[in-house]
Each structure stands twice: as structure tokens, then as C-alpha cells.
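Asker: The sequence isn't on hand, but the structure is:
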């Protein structure tokens, strides 16, 4: 195969999500070079058949595609815009696919900054959790120029099963923000329903089965309710990260003058759970807060 | 066929839901006699092969199974408990299946009153809307004695595809209340997300597609978002009825000491939409309120 | 003194509020006969110069004015409407002043029932707490016929310093409901502000002083904030009772189609505090909930 | 008088608040030089006996005290930190009193930046509205070093009647944020109560009188309810500014991990009113939103 057609892919950020995504790219036949702040994650990539880099800049040099998967806006900004950053280091025509969940305005700023260096930038945040990353079944919401998104699609199709171009630069992040609004709210609603049912002595397993069959049915009910019923809150997706994301949602809604009464409400509840020291639990732990507010702490079966 | 094995089924309340349910029972080979306050609905049942009754009492006499499908708690109470009501009229051993959505405590009172007359009562509220009623694919949450629920199951299996026994008398209504809490909240969340996306200039059709593929996916997103995007709010399930149901939810949560912060919040929003004169619209019209609160009334495409 | 001018006053319900109110009527020269379910409260009235009755009916017989001060709607209904109740027992022309906080619709029903027996009824709920009852400085919101309210005024002026006729039967209770909405909300706002200030290391005593001087100033800030800062939550007005009152508010708002988003929200918080077992604390204990939601339980000075 | 004891006072920002504050300083015998972006405000100061400056820098040169009263954080930052800004222009030992309402973290940054230039900075946001500014009866919440606050006090005592040192740099802004939280919430509660009372046919003037006498009493009820009853919403304090301030509150609460459920809720409502185009109305126009949510738009007397 012609190397010009199959460029090296640099993956920066090899955590719970980025690690399996990189491994899937290796498995799909790509030449993958990875960098992560802590070394064990890099070692795992090497075991999976990838190559190691000792710095982000080293990973970027010679790569035609750079994928970043890091926690927050400042992390991406530092990686992309620094003196030794991606845009300063990468050759013209490099494609930067940022899969992190960050602020839409930062995504737009990155696209503009990339353009000045001849780097094509798409924002491509993902949904689907660790399982989706491992199985390559992520939902990916992509923002950017049509041609750049098409250039990114072969790589995104490896790591996700639903890849949708939703608009210009930043649009992917905007849709991801909407996603996080719905997910947090829906978890809270299911938590309220479960505690309500338990308090009334209803068996929540059979209740969940019938709820799932009607208009109340949802991915949250399918995937999260079993853990909630069992009070198993190992992440999964941490409250800390959902708290960060709801900060993005509320700021973006405020900026656009959009009322999100339930969104703002659940943001308070997620913030409360985090303030109580539960930031490391899965976001389905909103149930803990509902129990607490119902004087039923620790009453689950 | 032995009449003892295949008793006559009385259906009282032949509206948007009860009408198609009765027709499905006829189609399944049951002898169905129907009553409805307004005559045209009865005529439609006769056209479908059922028989007409001029009063609820007439329908009940000689029936082995009585199905009620009426709007609210007082309607069922009047039908069941009146001097000329179901429990006074029906023979001992009659099975009363109440498919209305009413207060759990009223359902429990009906079960007790029925027992005094030798009538076996199950509460069996449904979810799935007009389409589910027509197609016989309703989700049905059933409360009552095990033996009575089993006796009801052959009839419920005709009108629904998911029939779950969730607990003793009233439990069906409790689960239906939880259903209505989740549905209202989820519609509101999707409404907030759609207006948020529109305000940011994102194409909501492609955004909905990608949202549906991840943890934000839900029956509301699948079935309601298209109408919401098109601003088509013909019911479906009317705001008036969802307002009534949220009254049941908030009262039952209060009685049990359960905190339902998002539930109580969305109950206010549904109440506001109704107070504004939109009680006849589909519940997905919560989007109208979000637009109004965002200064974007009538901005949809 | 002419008995026609100075009738006997029966006071039923001699608790934290009713006890001092009865004592103030004695001190003002009235012939007061009191009844209370538990005897010690009656004994205290006798020590203050009043007379004891062994039943409500005994207290009512011969009284020209009957004042009731009991916890909830059913209590007043039982007292007034029972076979041996006030309206059956009292002579025609008797004036019933109900100072309890009950549902406006029950107050209207009592007025109608009284009228059938020739008993004139006014609803006269009070605000001002135990201190106001002891000092005779209650605020009293009075509903009823003009002439009846004027007849009640001399007695109300003894126990309160602000006595206002706000409308027909039930109007007093409606205004009291509005009062309880504002008070609960305002306590919650002050609680949020105090925890916010403490978390930022600001001295809340000096902050309260400057807040009190501007548009944030309120009776809650003046009377409740000191106890909140000191975490002293002895009632005062119990969460249990405020919870009951917010049930009245939300039901009356729902009935009238009025949106009370903050009212419904704080009703959830008061309900949560009660569900946690804090129903016996003063309503200013909403601060405890804010601390809990901020991960700062027990951090106050 | 020794000029060393009575330094020139520069006032930058001569709007609704800053204008009367400057005039009061002139009236108290101070040498006041003022600057404002639009000239008429400067002319009014000259008429009142002050002196005009053509730029902020010109006003600052030779002044011993600089008072700023501008809309938002970026305005103060531009004034203070620019190349030609206050800290670059002013002599060492100059006292900068910022009366604007800005973010506490910006106030802290300004204090640090001032210190580098030998400028002493106190944050001194005010409460009390236009009337308080005209009458010199503002409540002023002051943050900064003890000695600097004492140096500022003679000037603050001229423009305010309640001047309280609440803590170090930024503490004044933190208390102002708490003030704005309470005020917005309290206006909303009074709005809900008034619409609730109107919907029940209660006379709101007499109701307000009795509410004001009890625990529901507040400055909002005293000063704002009359205008709300009359639907007079000329500012006063504009929704636009309160929206900005609630952005400060919610961000500062989030930063500190403090739950402000009612605060976040009312922030949504204020944002909605603004999105509807009512940003120029007085903040008491929250009543308009409650009416709208109750289907009672324009029903006031």
C-alpha cells in the first residue's frame, strides 16, 4: 500500500477512551504512534502493535493524521497551540481530529488557528463510553469543513459505528453538549423513578422491563438502570467529567440565550454530587443524591 | 366454543385508546360488548364486529370480563362504585381490568371495593399511544393478585406486546406514574436540546441521528423529535392528560416522601403550557415553551 | 359589664400559638374558656386566668366567639363539622374565627357550612411565630364577610398588630399560602447566600449587616439569619408544618393554573429535609440541606 | 485645607449610579474630576460643580483617589490594566475604589495588579439603586486591606449610609453576588405570590400590606411590589445587568462547589426574560414571565 494513501496516525491521549481507539486503528492496519503523559498507557499501545512516542511533538512529526483525546479545553489548547504544539510541529495538510469533549468556541478557535498553519481541524467528540471505544461502536458527532470531515471519516469509521457530519467547526461539540444535557437529565429522571418505585414497594426490575417497552424507554434505562438498581457506580463516565461538560452546556446555552431549565437544574445536582466527594463515581450515581434527598440513603437492595 | 372458557368482554370507554383495543379483542375472536358516552364510538365498534350497549350497566350484565378505559380517577370511581355501577351489577367472579391511568390509591380502593362484591380487580394502565393501541403493541403495567393478573393476561396479550405484572393492587398505576415522570422529563430535555442546537445553527436532523445512536438515545428522540423539529403538535397524547398524570406523580411522591426535583420542575412547565391554552396539543409541544423562554417563538423551520 | 357586649370567647387549640393568644385575650379582659387535647395546656390557661373545658363542645356552649388554632384542614373540619361539632353546638349568631392555616377551599366550605347553621365564619390565619403570639404582634390575614370581619376585629386586634381584611371567605388562607411561599423561598435564598459566602471565606455577620441594608433586606435576613449562622434550628416554625403549608400552596396554584417555579422547587427541598428526618427542626434548617448539597455538612462555625 | 489631606477624586463612569455619586462627592466639598464615554454625563457633573476630563487617563493624573463605576468586568479591566490605564498612569499610593459589580476573581486580580504599581485597590460594589445613589444612602460592601478600606471610608460614607468591610480583596464582590442572588430570587417569589393572589381574586394591595408585616416582609415587597402591581417596569435596575450579575453568581458558586438550586433556577428565568427582548426593563418585570407562564399575560390591573 502506498504510504501517501495510508499516512501515520498519531494518537495523543491513551486513556480509557483513547487507548482502545488507538488499538482499534492498529487492528485496522494503520501505522499508529501514540503518546500519553503516563507511560503504561503507551506500553499497552506498543503491545497492541503501535509505536511509542516520548512527547506529543515526537508523535506529531511525520504523522498525516493527529487524533487527540484528552479531558478538557485547556488540555487541547495546550497540545495544539503551544510553541512545541501540534500546529507548530505538524506539516501543512495534516489532519487534526480532536475527539475530546471541549467548549464549542474553543473548537472554533482551534480550527481557525489550525488554518493559519495549514492544518485541517475537525471536532469529533464521541458518545458511547468505554464499551463503545473498545468495540468500535462509538457515536461520533463531527464538525468541520466538508472535505476535512470526509478525510477524517475513514479513521472515524474504525472507532465508531455512527459517524455524522453535523455542521461547521464547533458543531460537533455543540451536539455533544446537547448529548450531555439529555444524558444527565435522563439519568436523573430514571433515578427519581427508581427511588419512587422502591419507596412504593414496587419491584424495579419488572417495572424497568415494562418502562423500557414504552415511550419511557431509553439507552439510559437499558444500560444504566441495572447498575443503579444494584447500586454499582464504578465508572463508566465520571461525575467529574459530566460536571465539566454541563459547565460547557450551561455556558453555551447562556451565550445563545437559550433556556434550559431542566439542564440547569440537573447541573446543580451533578455539582452537588461532586461537592459531596462523589466525583469519581459513574454519573448514574445521581441515584445516590435522590435517595439522600428522600431520606432513603443506603436503602437499595 | 364453551362460553365458560371464552366469556363476553365488556369494554367501557371507546375513545382513542379504548376503541382500537376493543376492535383488537373482536379481531382476536372475543365476544365484545361496548359502551361509550358518545354514540359514534359505539357504532364504530359495531362496524368492527362488536355489540352495542346503551349503558355501562347493560354492558356489564352477562360479561365475564369488564375493561374500563376512561380519562381520570373520578370517572373510574363513578363507573365502578355507583349504585348502578360495575361492582353492584357484575356477577361474582367477574374480572375488572382497569386500563385507565388513575391514582394508585384509588386503584387500591377499587380493588378492596371489588373484593367486597366478589369482583376481581386488576389495574393495567398502558403506554404506547394511539399507534400502540391500534397495532396491539401497548406496554401494560399490571397490578393485582397473581391469579387475577394471570386471568387478565390473555386479554392483555391481545392489546399489548409487553405485559408485566409489577406488584399488588395499585402497583400498575405506580409504575405508570413513573412512566409519565420519565416521559415528560425526557420530552423537555429533548426540547431543550433541539432549541439549543437550532440557536447554534446546527442541523437538528443529522444531530438527532447521532444523538439517537448513543446514551442520549430514547423512544422520545425516535418518535417525538421528528414532529418537534417540524412543529407538528397534533395529539397524540394531550398536554391536558399529561398534566393530570403529573398531578398523580407529584402527589404520590409527596405521599412517599420521595424527592423528584426534575419531575416537579417539568410538572410546572407542563402546567404552564396548559395555562397558556395549549392543553389540547401533544405533549411534545413542551418545545413551544422552551422556544418562548428563549425568545425564539415561531423560529422553527 | 353587659354580656351582650362582651361575649365569652372559646379558644380551641392551646398550643405554641393558641396558648399565648388565649392568654392575651384573658389579659385584655375577656372571659376565655379553653380546650386542648392534652391537659397541661388547659391548666396553663387556667393559671393565666381563663377557664377550662373538658371538650370542644363544652367550650363552645355559651360562647359568643369561637377561636380555633389547630394544625391542619382535617382538624378544623372535625372540630367544626362533626356531630358534636362547633356548628351543631353553637348558638345562631356565634362567630367562628379560624386562625389555623388550612386549605382555602376548606375555609370556603366551612363558611358555607357555618352559614347553614347561622354561624358566622371568618378565616384568620396568622404570621409572626411564637414571639408574635406571645407579644400580641401577629400579622393576621382575614377572609370573610365585611360585617363578620368587623365583628372579629376586636379580638384579632388583641392578638395581632397588623390585621387586614383581604377578601371573601378563604381569602385569608390564600394570602397565608402566598406568605408561606415567599417565606420558604426567602429562607432558601438566604441559606444559599450564607453557604456561598462561607465557602468563599467571607465573614457572614458583617455580610448580613450590609445585605440587610439594601434590596436584599428582609424579615428572614433579620430574624432567621443569626440562628442560621449559629446553626441553631430549634423551632420556631417546624419543617413539618411548612411542608404541609407548601402542599396547600402548590395545590392552590395548580388549581388556579398559576406557575410557581421557585415555589414548587423549594417545596421539593422542604420535603427532602423532612424526608431526612428533620421535620421537627425550624424551617431555617433549609441551610442544612444547602450545606449537604455543597459537601459542607457541619462546616458552620 | 491642606491638599494632602483632601486629594482630588477622579470618578470614571458617570451613568445612572456614578453620576449622582460624583455629584454627592462635589456637594461634600471634594475636588471631583470626572470622565465618561458620552459627553452629556460629564457636562452634568460640571454643572454640579465638578471638573471635566477628556479621557480616563487625564482624570486619573493628579488624582489621589480614583473611583470607577462601569458595567462589567472587562470594562474595569480595560480601564485599570491598559497601557494608558489607571495603574500605569496613577502615582504610587493612589487609592482605586472600584464600585462596579464585577467578578470576584477579577477584583482579586486587579488588587494584585494594582499592588505591583503601588496602587491600593478596594472593591466596593453598591446596592440601593438610583434612589440610593441620588440620596447617598447606598449599602456598600467593601473588600480589601484594612488600611486601604479605612482610607476609602470617608469617600464611601459620602455616597452610602451602610459601609461594611466584609473581607479581603474580592470579598466585596462576593457579598454583592450573594446580594444579587437574594434579590433576584426574592423578586421572583413576590411575582409568583402576586400572580397567585390575583388568580384567586384577592386584592393584592391589602395582601401586600399584611405580607409586609410578617416573616414574608422584605425590601423587595416594600419597594418593588407597588410597581409590579401597577405593571410599571421602567428601570430601575435592568434585567440585562441582573442577568450579567447572575452569571457572576452561578460561576462563583460553581467554582466554590456550592449548590444554589434556587439561584440557578431564577438565573434561567432572568435569562429567559432577556432572551424575550425585555433586557431593558426593571428586574421586577420577572412578574411578566410568571404571568406568561400562567396564561395570564396582560391581565394585571
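Answerer: Yep, that arrived. The shown structure was predicted, so the numbers you read here are calculated from the model rather than taken from an experiment. Numbers count the residues shown, from 1 in each chain, chains lettered A, B, ... in the order given.
Asker: Tell me how chain A divides into domains.
Answerer: A:9-168, A:174-293 (automatic domain parsing).
Asker: Need the winner for burial among those domains.
Answerer: The highest mean neighbour count among the domains of chain A, using mean count of other C-beta atoms under 10 Å in any protein chain shown, belongs to domain A:174-293: a mean of 24. From N, CA and C alone the C-beta is placed, and that goes for glycine too.
Asker: average pLDDT across it?
Answerer: Average pLDDT, domain A:174-293: 97.
Asker: Quick one: distance of it to the chain centre.
Answerer: With C-alpha atoms, centre = their mean, to the nearest Å as the basis, domain A:174-293 stands 16 Å off its chain's centre.
Asker: Quick check: phi and psi on the spatially most central residue of chain A?
Answerer: Taking C-alpha atoms, centre = their mean, the centroid of chain A lies closest to residue A:126, which sits 4.7 Å from it. Residue A:126 has phi and psi values of phi -120, psi 160 when expressed as degrees, to the nearest 10.
Asker: Check residue A:122 too.
Answerer: phi -120, psi 140.
Asker: if we can go back for a sec, with distance to residue C:110 added, can I get the domains of chain A in TSV?
Answerer: Shown next, in TSV, are these (distance: least, C-beta to C-beta, whole Å):
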stretch	distance to residue C:110
domain A:9-168	58
domain A:174-293	33
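Asker: Does chain B have contacts with stretch A:14-26?
Answerer: No: Stretch A:14-26 lies apart from chain B when judged by C-beta under 8 Å from any C-beta of the partner chain; the minimum separation is 13.1 Å.
Asker: For residue A:80, give its distance to residue A:70.
Answerer: Distance, residue A:80 to residue A:70, using C-beta to C-beta, to the nearest Å: 10 Å.
Asker: Show me what from the stretch 201-301 of chain A comes close to chain C.
Answerer: Close to chain C, as judged by C-beta under 8 Å from any C-beta, the stretch 201-301 of chain A has residues A:261, A:268, A:272, A:274, A:275, A:276, A:277, A:292, A:293, A:294, A:295, A:296.
Asker: pretty sure the fourth one contacts residue D:257?
Answerer: This points to residue A:274. Yes: counting by C-beta atoms under 8 Å, residue A:274 does reach residue D:257; the two are 7.0 Å apart.
Asker: Just give the nearest non-adjacent residue to residue A:192, would you?
Answerer: residue B:260 (4.4 Å; C-beta to C-beta, 6 or more residues apart in numbering or on different chains).
Asker: Contacts only, for that neighbour.
Answerer: Residue B:260 is in contact with A:192, A:196, A:290, B:181, B:249, B:250, B:253, C:268, counting by C-beta atoms under 8 Å, 6 or more residues apart in numbering or on different chains.
Asker: hmm, back to that, overlap in contacts of residue A:274 and residue D:257?
Answerer: residue C:295.
Asker: now the helices for the stretch 51-200 of chain A?
Answerer: Assigned by DSSP state H, counting those that start in this stretch, the stretch 51-200 of chain A shows helices spanning A:56-60, A:73-81, A:86-89, A:104-116, A:129-135, A:146-159, A:171-199.
Asker: how about these in JSON lines, adding distance to residue A:30?
Answerer: Formatted as JSON lines, those follow (distance: least, C-beta to C-beta, whole Å):
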{"stretch": "helix A:56-60", "distance to residue A:30": "14"}
{"stretch": "helix A:73-81", "distance to residue A:30": "20"}
{"stretch": "helix A:86-89", "distance to residue A:30": "18"}
{"stretch": "helix A:104-116", "distance to residue A:30": "21"}
{"stretch": "helix A:129-135", "distance to residue A:30": "16"}
{"stretch": "helix A:146-159", "distance to residue A:30": "8"}
{"stretch": "helix A:171-199", "distance to residue A:30": "22"}
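Asker: Compare those helices and report which one is nearest to residue A:34.
Answerer: helix A:56-60 (6.6 Å; C-beta to C-beta).
Asker: and the longest strand anywhere in chain A, anywhere near chain B?
Answerer: Identified as the longest strand of chain A according to DSSP state E is strand A:160-167. Yes: counting by C-beta under 8 Å from any C-beta, chain B is contacted by strand A:160-167 at A:161, A:162, A:163, A:164, A:165, A:166, A:167.
Asker: Next: stretch A:150-159.
Answerer: No: Stretch A:150-159 lies apart from chain B when judged by C-beta under 8 Å from any C-beta; the minimum separation is 11.4 Å.
Asker: near chain D, which residues of the stretch 101-250 of chain A?
Answerer: So far as C-beta under 8 Å from any C-beta goes, the stretch 101-250 of chain A lies against chain D at A:247, A:250.
Asker: so what pLDDT did the residue in the stretch 1-150 of chain A that chain B sits nearest to get?
Answerer: As assessed by C-beta to the nearest C-beta, chain B sits closest to residue A:127 within the stretch 1-150 of chain A, at 3.2 Å. At residue A:127, the pLDDT value in this model is 93.
Asker: In contact with it: list those residues for me.
Answerer: Contacts of residue A:127 (C-beta under 8 Å, 6+ apart): A:138-141, A:176, A:179, A:183, B:210-211, B:213-216.
Asker: Repeat that for residue A:181.
Answerer: By C-beta under 8 Å, 6+ apart, the neighbours of residue A:181 are A:246, A:249, A:260, A:263, B:189, B:192, B:193, B:196.
Asker: Apart from its neighbours in sequence, what residue is nearest the last one?
Answerer: In space, residue B:196 comes closest to residue A:258 once its chain neighbours are excluded; the distance is 4.9 Å by C-beta to C-beta, 6+ apart.
Asker: Checking that neighbour next. Helix, strand or coil?
Answerer: coil (DSSP: H, G, I helix; E, B strand; the rest coil).
Asker: returning to that earlier point: from the residues of strand A:160-167 next to chain B, which is closest to residue C:121?
Answerer: When those are compared against residue C:121 (criterion: C-beta to C-beta), the nearest one is residue A:166, at 64.6 Å.
Asker: Relative to residue A:99, how far out is the residue of the stretch 1-150 of chain A closest to chain B?
Answerer: For residue A:127 relative to residue A:99 (C-beta to C-beta), the value is 11 Å.
Asker: Touching both of these two, which residues are there?
Answerer: With C-beta under 8 Å, 6+ apart as the test, residue A:127 and residue A:99 both reach residue A:140.
Asker: so what's the nearest residue to the residue nearest to the centre of chain A once chain neighbours are set aside up against?
Answerer: For residue A:126, ignoring the flanking residues on the chain, the nearest one in space by C-beta to C-beta, 6+ apart is residue A:138 at 4.2 Å. Residue A:138 sits next to A:21, A:126, A:127, A:128, A:132, A:159, A:160, A:161, A:162, B:214 when contact means C-beta under 8 Å, 6+ apart.
Asker: Perfect, I'm done here.
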